[in-house]
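K.L.:
Fold the stuff below for me.
(2 chains)
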Amino acid sequence: MSVRADAPPATGYQERTVTVWQGRVRMRVLSKGRGPALVFFHGPWGLTWDPFLDRLAESFTVHAPEHPGTTPDAHDDVYHLDGLWDLVLCYDELLEALGIRQAAFVGHSFGGMVACEVAAAYPERARRLAMIAPLGFWRDPDRIVNWMMLEPGVLRAHIFRDPDGEAARRMFPRAEAQDAATTDARVRLMWAMGTTGKFIWPIPDKGLKKRIHRVKAPTLLVWGREDRLVPAVYAEEFTRRLPNARVELVSDGGHAPHLEQTETIAATIRDFLNQ
Amino acid sequence: MKISAFHLMPYRDLPADFEQRYESVWVTPPWWELADARRVGQYYNWTLDELTYAAKCGFDGVCTNEHHQNAYGFMPSPNLMGSVLARATNGSNVAIVQMGATLPTSNPPLRVAEEYAMLDCISGGRLVAGLPLGSPMDVNLCYGITPMEHRERYREAVELTLKAWQAREIFSWNGRYFQLATVNLWPRPIQQPHPPVWIPGSGSISTFDFAVEHDVCYCFLSYSGAKSAKTMMDGYWRVVEQKGRDLNPYRAGFLQLVVVAENDARAEEKYARHVEYFYHKCLHVPGMWFSPPGNQDYRSLVATLSNPVRRAENPKNLRYRDFVEKGFVIAGSPATVRDRLKEEVIKSLRVGNLMVLLQIGSMPHELALENIELFGREVLPGLRGVWEDEGWENRWWPERLRQRATPMTAGVAAGGA
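P.N.:
Modelled structure (predicted):
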């Protein structure tokens, strides 16, 4: 394992690349803020430093690692991981390299599932666990739409309550544009879905139900009532297995409420993590 | 030149408004609303009859292929069909071209190695072993294989298959996707060291490399005709040259839709609606389904998104005459068809192994037989000698069939259905 630190860029977060998995997997970590350690696990559409993370950074030292394969110039590193077990071990090595023994875990969607898996494998590592619309379970009557197979316009409308809003525009390249930056954004989005999809295809239930009982951290679930990707009924799958969990339903929230109702959700999560 | 009859086995009676009413012909078409098992039984038998008839009409090979959960072409097990054909054509010089069983969806893929060996034994050494990667719809959406693992699984399975056919000793396979402690294939194929291998593809650069490195025949399975395939196939031949292989035209295969009639006008009368049915209904699939995230490696993804080939024309906006004019379908009198195939397809793309699709979309059985018969009688003889003067050997054809031989039953070809 090795850590390479770069000068903090103008945006205010520090950037460094951590190498794990016998030197084969490079993960860039964006860090900012002061206070107790918080690790943020991003969703299937890649990591973007956004106002939500800025809010959390006011109270915590936020570390946001990039899922293997989504770090620039390390695209093929993901091929060194064969499954979820390998991925969880990578995160353990990453925390070790960052010198973080214990932290608050926050995860969104796919990242919520990963945070929960890491907390189940290493119960001492998670001080508190906040998951926003996490994956991890499957109910036949409430099938989760395979977002990887949706046309971009349809996908936007599945993630966001307002598909034309600022948060949606930050994540999705403009449909009609053909410039180099837009192409990069398209590649980035597709590759993020491919590299995260590797661990959950074709059904995002990879056995969390067998392991989740190991989680010791008090848990908060944040779920948009109008989530069109992972319906809010999935919160029950977590709460009935975790004695110390509660649910915060967000009225008018979609699959990314922290990006559309940033102030409210950031405050809810901050208050929970500070308890 | 080797010319084989290809068959998809489509559902021939989809409703007229199919493409307006349903999301896709693949993966999600509702069986209970659209299909009838007795009718499907009839289709399978017609398909076998049509291919057997092609064998009698002088075609060099008969081709089947694997697809799942669709009305476009549903032979989920091409080897079941291939075994009937192998048996029915025994005593003839027709190759059984399996295009073929899909390795990534067979677990362990040794199953394909075994069944191909069976087919080679049953047919007396007439098998061509197609080893397709499989479409994303079949492999990722219907059979649940992770898109990012699709190509890795395939490559490992190809190596395992080739070794299982040839190894003199029992071996163990400790692979990434497959672990087998004792591999000792029974039966082994008759053809030594193994049956000729064809790799079908749709133009991806990494498949060119793979095919040329393994010294196998690369087959471009296209429904858009030779004009749009030209750039792609030129790219393939550049790879062949760069890697120091000879320019043997039998390294390349190509699939072409063909309809033949007494004259060009009659061809339109007889076939137009079946061709339109094929392009409008049988290819009705959401674009995203062809490239799930992760299915293309990073390099190919960047290449595809950076140079969006001008969006291929939506075939739903085209009609019969457009398809013919653009060469998606080669249609008309025997002379028209022969000349276009020779110049636009065989010579222009440098193809030694031509496959022709003669039952298209809703085309009924009798008309399919007419098309097969006329092609066999009036077109095929005029194409057979195309590469002969250059003296190439078709090393990707069963050895005992490489010499041109007489059709299975002389005289039948002229006798019609």
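K.L.:
List the residues that contact the one residue in the stretch 201-350 of chain B that gets nearest to chain A.
P.N.:
As assessed by CB to the nearest CB, chain A sits closest to residue B:294 within the stretch 201-350 of chain B, at 2.7 Å. Using the backbone N, CA and C atoms, a C-beta is placed for each residue, glycine as well. By CB atoms under 8 Å, 6 or more residues apart in numbering or on different chains, residue B:294 lies in contact with A:148, A:191, A:193-195, A:197-198, A:201, B:146-148.
K.L.:
pLDDT score assigned to the closest residue in space to residue B:29 that isn't next to it in sequence?
P.N.:
Nearest-residue entry for residue B:29: residue B:71, 5.2 Å, with adjacent residues in sequence omitted and distances by CB to CB, 6 or more residues apart in numbering or on different chains. Turning to residue B:71, the model gives it a pLDDT of 98.
K.L.:
what number of residues lie near residue B:71?
P.N.:
24 (other CB atoms under 10 Å in any protein chain shown).
K.L.:
and if you look at residue A:16?
P.N.:
Residue A:16 - counted by other CB under 10 Å - has 17 other residues nearby.
K.L.:
Show me what the helix or strand harbouring it is packed up against.
P.N.:
Using DSSP states H and E, residue A:16 falls within strand A:14-20. Judged by 3 or more CB pairs under 8 Å, 6 or more residues apart in numbering or on different chains; DSSP states H and E, strand A:14-20 is in contact with strand A:2-5, strand A:25-33, helix A:84-98.
K.L.:
in its sheet, what does the lengthiest strand in chain B sit against?
P.N.:
Under DSSP state E, the strand in chain B containing the largest number of residues is strand B:252-260. Here strand B:252-260 has these sheet partners by DSSP bridges: strand B:217-221 (parallel), strand B:329-332 (parallel), strand B:353-357 (parallel).
K.L.:
And it, what's buried?
P.N.:
B:252-260 (16 or more other CB atoms under 10 Å in any protein chain shown).
K.L.:
Likewise for stretch A:175-195?
P.N.:
A:183, A:185-195.
K.L.:
Those into TSV, with extra columns for secondary structure?
P.N.:
Listed next are the buried residues of stretch A:175-195 as TSV, based on DSSP: H, G, I helix; E, B strand; the rest coil:
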residue	secondary structure
A:183	helix
A:185	helix
A:186	helix
A:187	helix
A:188	helix
A:189	helix
A:190	helix
A:191	helix
A:192	helix
A:193	helix
A:194	helix
A:195	helix
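K.L.:
picking up where we left off before, of all the helices and strands packed on strand A:14-20, which lies closest to chain B?
P.N.:
Closest to chain B of the helices and strands packed on strand A:14-20, according to CB to the nearest CB: helix A:84-98, at 11.7 Å.
K.L.:
Helix, strand, or coil at residue B:198?
P.N.:
From three-state DSSP, the assignment for residue B:198 is strand.
K.L.:
number of nearby residues for it?
P.N.:
With other CB under 10 Å as criterion, residue B:198 counts 26.
K.L.:
what does residue B:349 give?
P.N.:
24.
K.L.:
rewinding a little: okay, now the sheet partners of the strand holding residue A:16, with direction.
P.N.:
strand A:2-5 (antiparallel), strand A:25-33 (antiparallel).
K.L.:
Tell me where chain A has strands.
P.N.:
Along chain A, the stretches classed as strands by DSSP E are A:2-5, A:14-20, A:25-33, A:37-41, A:61-65, A:103-108, A:126-132, A:219-224, A:245-250.
K.L.:
Return the list of helices and strands in contact with the fifth one.
P.N.:
Based on contacts counted as 3+ CB pairs under 8 Å, 6+ apart, the elements that strand A:61-65 packs against are strand A:25-33, strand A:37-41, helix A:51-57, helix A:84-98.
K.L.:
Tell me which of these sits most buried.
P.N.:
Burial of those is given as mean neighbour count (mean count of other CB atoms under 10 Å in any protein chain shown); strand A:37-41 ranks first at a mean of 25.
K.L.:
Per-residue pLDDT of the residue lying closest to residue B:376 once chain neighbours are set aside, please?
P.N.:
Leaving out its chain neighbours, the residue that sits closest to residue B:376 by CB to CB, 6+ apart is residue B:57, at 3.1 Å. We have a pLDDT of 98 for residue B:57.
K.L.:
so how many other residues sit close to residue B:57?
P.N.:
So residue B:57, with other CB under 10 Å, has 23 neighbours.
K.L.:
doesn't residue B:373 make contact with it?
P.N.:
Yes: with contact defined as CB atoms under 8 Å, residue B:57 counts as touching residue B:373 (5.7 Å).
K.L.:
now the helices and strands packed on strand A:61-65 as JSON lines including distance to residue B:240 and mean pLDDT?
P.N.:
Converted to JSON lines, the helices and strands packed on strand A:61-65 look like this (distance: least, CB to CB, whole Å; pLDDT from 0 to 100):
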{"stretch": "strand A:25-33", "distance to residue B:240": "36", "mean pLDDT": "98"}
{"stretch": "strand A:37-41", "distance to residue B:240": "46", "mean pLDDT": "98"}
{"stretch": "helix A:51-57", "distance to residue B:240": "51", "mean pLDDT": "97"}
{"stretch": "helix A:84-98", "distance to residue B:240": "38", "mean pLDDT": "98"}
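K.L.:
could you list every residue that touches whatever residue of the stretch 51-200 of chain A ends up closest to chain B?
P.N.:
Per CB to the nearest CB, residue A:194 is where the stretch 51-200 of chain A lies closest to chain B, at 2.7 Å. Contacts for residue A:194 were tallied using CB under 8 Å, 6+ apart; they are A:69, A:148, B:147-148, B:292-295, B:301.
K.L.:
again, only using 6 Å
P.N.:
B:148, B:293-294 (CB atoms under 6 Å, 6 or more residues apart in numbering or on different chains).
K.L.:
Quick check: it vs residue A:79, distance?
P.N.:
11 Å (CB to CB, to the nearest Å).
K.L.:
List the neighbours of stretch B:74-85 that are in contact with it.
P.N.:
The contact list for stretch B:74-85 (CB under 6 Å, 6+ apart) reads B:9, B:48, B:51, B:62, B:64-68, B:96, B:98, B:100-101, B:115, B:119.
K.L.:
quick one: buried residues of that stretch?
P.N.:
Buried positions in stretch B:74-85, judged by neighbour count with 16+ other CB under 10 Å: B:74-75, B:78-79, B:81-85.
K.L.:
what do you get for stretch B:49-57?
P.N.:
B:50-57.
K.L.:
After the worst-scoring helix or strand of chain B on mean pLDDT, which helix or strand is next?
P.N.:
Least confident element among the helices and strands of chain B, by mean pLDDT, DSSP states H and E: helix B:298-306 (a mean of 87). Note on helix B:298-306: by DSSP H and E, the next helix or strand toward the C-terminus is helix B:320-326.
K.L.:
how about the residues of the stretch 201-350 of chain B near chain A?
P.N.:
B:288, B:292-294, B:298, B:301-302, B:305-306 (CB under 6 Å from any CB of the partner chain).
K.L.:
what about the nearest residue to residue B:143 once chain neighbours are set aside, distance to residue B:76?
P.N.:
In space, and not counting its chain neighbours, residue B:143 is closest to residue B:105: 4.4 Å by CB to CB, 6+ apart. Residue B:105 sits 9 Å away from residue B:76, going by CB to CB.
K.L.:
So which residues on chain A come close to chain B?
P.N.:
Counting by CB under 6 Å from any CB, chain A sits next to chain B at A:75, A:148-149, A:151, A:183, A:186-187, A:190, A:193-194, A:197-198, A:201-202.
K.L.:
what would those look like in TSV with pLDDT?
P.N.:
Below are these laid out as TSV (pLDDT from 0 to 100):
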residue	pLDDT
A:75	98
A:148	97
A:149	96
A:151	92
A:183	91
A:186	93
A:187	96
A:190	97
A:193	98
A:194	98
A:197	98
A:198	98
A:201	98
A:202	97
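K.L.:
Now the two most distant members of the residues you listed.
P.N.:
Greatest spacing in the residues of chain A next to chain B, by CB to CB: A:183 and A:202 (28.2 Å).
K.L.:
So which residue is smack in the middle of chain B?
P.N.:
The centroid of chain B falls nearest to residue B:99 when counting by CA atoms, centre = their mean (4.9 Å).
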